[in-house]
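> Structure for the following, please:
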Amino acid sequence: MIVEMVNKLPWHKKLEVLRAINGWGQKQASEKCLTDKKNYWLWEKGISYPRSSSRKAIAKAYGLKVEHIF
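Next comes the predicted model:
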């Protein structure tokens, strides 16, 4: 049920949920996703869209496939 609900979220909301599930702040999440805090914040708010290499880094940080997030 929870997985179905998360799957229906837009990609940027998934980032927020995944970060919260892992108990990470935005600074820690940005480090795990190989970016800076500002970029991560912009992604999480849906203001900017991560490049292909960043999408791969995000998926790896959360232990998911790119297509499960984006």
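> Contacts made by the worst-scoring helix or strand of the chain on mean pLDDT with the rest, please.
Lowest by mean pLDDT, DSSP states H and E among the helices and strands of the chain is helix 2-7, with a mean of 77. The contact list for helix 2-7 (CB atoms under 8 Å, 6 or more residues apart in numbering) reads Lys14, Val17, His68. All C-beta spots, glycine's among them, are computed from the backbone N, C-alpha and C.
> and these as a markdown table, adding pLDDT and distance to Ser30?
Formatted as a markdown table, the contacts of helix 2-7 follow (pLDDT from 0 to 100; distance: CB to CB, whole Å):
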| residue | pLDDT | distance to Ser30 |
| --- | --- | --- |
| Lys14 | 96 | 16 |
| Val17 | 94 | 16 |
| His68 | 92 | 20 |
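> Next up, the contacts around Gly25.
Contact analysis of Gly25 by CB under 8 Å, 6+ apart lists Arg19.
> Begin at 186, not 1, for the rest of this chat.
Okay, using 186 as the starting number, the last item reads as Gly210.
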